[in-house]
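[1] model this:
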Amino acid sequence: MKKIGIVLTAASLVLVSALAGCGKKDDNTNAGAGASAAPAASAAASPAAGGKTGANFKIGMVTDVGGVNDKSFNQQAWEALQKLEKETGATVKYLQSKSDAEFVPNLNTFVKDNYSLTWGIGFIIGDAMKDVATKNPNAKMAIIDNVVDAPNVKSITFAEHEGSYLVGVVAGLMTKTNKIGFVGGMDIPVIKRFDAGFKAGVLAANPNAKVLVNYTGAFDKPDLGKAAAATMYNDGADIIFHASGATGNGVFNEAKDRTKGGKKVWVIGVDKDQSQEFGIDVTLTSMMKYVDVAVYEASRGLIQNGAFDTKPVTLGLKDNGVGLPAQNPNVPADVLKKVEEFKAKIISGEIKVPQE
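    Residues are numbered from 1 along each chain as shown. As a prediction, this is how the structure comes out:
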């Protein structure tokens, strides 16, 4: 992640514009402490001169079972709120969910404490948020990766299939074995979009390639990710794309073990530029999903405007809500050129990327 103090890139300005309508210490909880890195490309205008604009705002975040240090979208969301705290003076806090049964109690904790905004991070929190939002119609709530039909909930989803198509193009053009893997977490619509888009991109770039698929059923089980990756690499795959939260950490661990043993294999990361966590020796590229920008901008909009627009938004390639990292040292220029060609066709509508 880029360090605090960066300015918005042109690409991120597009995403921020798409979100403009968002508003006119123990294992389980944390308030203000944690990672020092800021969300990628999410630095926004400084608070108005004269003081912190958000001093009277409290913003809470409930993780899904992957946890706040999942190296993925929960961590992105928390880093965004930490940045918001630093820049605006708002109070931010998270509650970590270790099981589905903790979603409702965790959401209710923030609602009953009169938090200005309560986030739920992840598709699987949808039913719990619907329940809590319906029973507390005056509470302002927001969710990532699901659409909750309630007048007090802001729903932000992403066109994961579009970004996954592009990393599929990379994998299809760079595989040496014509066998490529996909490791998913739970079999839910958001992960199916990753799966479908990736396979379509692979086959568009390389019709001779075969995509091996394994859904582990979990977002918090690195051992399952490691085992799934081992099976795929043993079957001849040389590139694996994961969309499995903390389970994917095990995919990287397996790749590192094999690379140390002299067998060159790759992983395509998800949500963040995971080369910054796991190294460029095993990370081919990543399918970026700018959860950090979305959480930051929606929260900041509430602080700045006092209003809360709950119209759902979906962020895709045209919004720069998904895509490849700015730097791809392991991807040749000719491959990146092909990626840009496919990206243009998706944005223009010439290519319709499947979602399932």
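[2] rounded mean pLDDT for stretch 159-177, please.
    Stretch 159-177 carries an average pLDDT of 98.
[3] I should have written stretch 262-272 there, sorry.
    96.
[4] how far does that stretch sit from the chain's center?
    Stretch 262-272 sits 17 Å away from the centroid of its parent chain (Cα atoms, centre = their mean, to the nearest Å).
[5] buried stuff in it?
    Within stretch 262-272, the residues that count as buried by 16 or more other Cβ atoms under 10 Å are V265, W266, V267, I268, G269, V270, D271, K272. C-beta: built from backbone N, CA, C; applies to glycine.
[6] and if you look at stretch 344-353?
    In stretch 344-353, counting by 16+ other Cβ under 10 Å, buried: I346, I351, V353.
[7] mind putting the residues you listed in JSON lines, secondary structure, pLDDT and distance to P312 included?
    Output for the buried residues of stretch 344-353, formatted as JSON lines (DSSP: H, G, I helix; E, B strand; the rest coil; pLDDT from 0 to 100; distance: Cβ to Cβ, whole Å):
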{"residue": "I346", "secondary structure": "helix", "pLDDT": "98", "distance to P312": "21"}
{"residue": "I351", "secondary structure": "coil", "pLDDT": "98", "distance to P312": "24"}
{"residue": "V353", "secondary structure": "coil", "pLDDT": "98", "distance to P312": "20"}
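[8] which parts of the protein are strands?
    Along the chain, counting by DSSP state E, strands occupy 29-30, 58-62, 91-95, 117-121, 141-144, 153-158, 179-184, 210-215, 239-243, 266-271, 283-289, 313-315, 322-323.
[9] identify the neighbouring strands of the last one in the sheet and state each direction.
    The reference is to strand 322-323. strand 283-289 (antiparallel) (DSSP bridges).
[10] export only the CA atoms of the strand it pairs with, formatted as CSV.
    Output of strand 283-289 as CSV, limited to C-alpha atoms (Å, rounded to 0.1, in the frame of the first residue of the first chain):
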residue,chain,number,x,y,z
THR,A,283,3.0,-12.6,-7.2
LEU,A,284,2.4,-12.4,-11.0
THR,A,285,-0.1,-9.5,-10.6
SER,A,286,-3.3,-8.8,-8.6
MET,A,287,-6.9,-8.1,-9.3
MET,A,288,-7.3,-4.8,-7.5
LYS,A,289,-10.7,-4.0,-6.0
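[11] what's the average pLDDT for that strand?
    97.
[12] run a quick neighbour tally on G279.
    13 (other Cβ atoms under 10 Å).
[13] cool, I188 as well?
    17.
[14] cool, K337 as well?
    Neighbours around K337, by other Cβ under 10 Å: 9.
[15] try the one 5 residues further on
    Burial of F342, expressed as a neighbour count using other Cβ under 10 Å, amounts to 21.
[16] separation between the nearest residue to it once chain neighbours are set aside and E350?
    Take F342 and drop its neighbours on the chain: the residue closest to it by Cβ to Cβ, 6 or more residues apart in numbering is V169, 5.3 Å away. Applying Cβ to Cβ, to the nearest Å, the value for V169 to E350 is 14 Å.
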